[in-house]
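[1] Need coordinates for the following:
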Amino acid sequence: MLKNAQKDFIQRHIGPSIDEQNVMLKELGYQNLDDLIKDTVPEKILLKDDLDIGDPNSEYKALRKLKDISKKNKIYSSFIGMGYYGTYISGEIIENNQAIVDDPAKVNNDPENEAWFFKLKITDKSEMDSLMNKEEYEKFSKESGN
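    Model prediction:
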């Protein structure tokens, strides 16, 4: 018999039931999940082989492994309290950049030109006053050792 913690884990992580999947697929006009995936995941990033993820772990064991991995991280600067979290610019997204979906490497290779994520029609321009421009960011980055 499953303990409550195990039931909670299953409920949080297993996903929709077969009946819920069928309702979703019918609503979207698909016969099966494979067809939905083929139509929504770009060919360049679609995994064609089975995942080799090893043996299953309990939630406890998985969290322990993640904690061990996280101990290898090196924190050079903490940006907590620096104004990045909670920075909010209100508006309406008017365009998404399909180019970075088709070629995610552009985000690293050309971040200031072709790698924009979306275009935003800003509703309150005063919210931009809290953002850094390129020169301010470069100065901040240099001074903080990043």
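[2] low pLDDT regions in the protein?
    Applying pLDDT under 70 to the chain flags residues 1-6, 78-86, 145-146.
[3] quick check: domain ranges of it?
    15-43, 91-143 (automatic domain parsing).
[4] Using JSON lines, lay out those together with distance to K71.
    The way it works is simple: take the backbone N, C-alpha and C, and place the C-beta from them, glycine included. Below are these laid out as JSON lines (distance: least, Cβ to Cβ, whole Å):
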{"stretch": "domain 15-43", "distance to K71": "30"}
{"stretch": "domain 91-143", "distance to K71": "26"}
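[5] Which residue ranges of this protein form helices?
    Applying DSSP state H to the chain gives helices spanning 4-13, 18-28, 33-40, 59-70, 98-102, 106-109, 134-143.
[6] will you turn these into a markdown table that also has mean neighbour count?
    Below are the helices of the chain laid out as a markdown table (neighbours: other Cβ atoms under 10 Å):
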| stretch | mean neighbour count |
| --- | --- |
| helix 4-13 | 11 |
| helix 18-28 | 11 |
| helix 33-40 | 12 |
| helix 59-70 | 10 |
| helix 98-102 | 13 |
| helix 106-109 | 12 |
| helix 134-143 | 10 |
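[7] Look up how far L36 lies from the residue nearest to D103 when sequence neighbours are not counted.
    The spatially closest residue to D103, leaving aside those adjacent along the chain, is K44, at 7.1 Å (Cβ to Cβ, 6 or more residues apart in numbering). In this view, K44 and L36 are 18 Å apart by Cβ to Cβ, to the nearest Å.
[8] just G91 next, same as before
    From G91 to L36 the distance is 30 Å (Cβ to Cβ).
[9] And for L28?
    6 Å.
[10] Quick one: end-to-end distance for stretch 126-141.
    24 Å (Cα to Cα, to the nearest Å).
[11] That stretch: how far from the chain's middle?
    Distance, stretch centre to chain centre, for stretch 126-141: 24 Å (Cα atoms, centre = their mean, to the nearest Å).
[12] Repeat that for stretch 33-49.
    The answer for stretch 33-49 is 18 Å, by Cα atoms, centre = their mean.
[13] And for that stretch, what's in contact with it?
    Outside stretch 33-49, the residues within contact range by Cβ atoms under 8 Å, 6 or more residues apart in numbering are 21, 25, 28, 30, 101-104.
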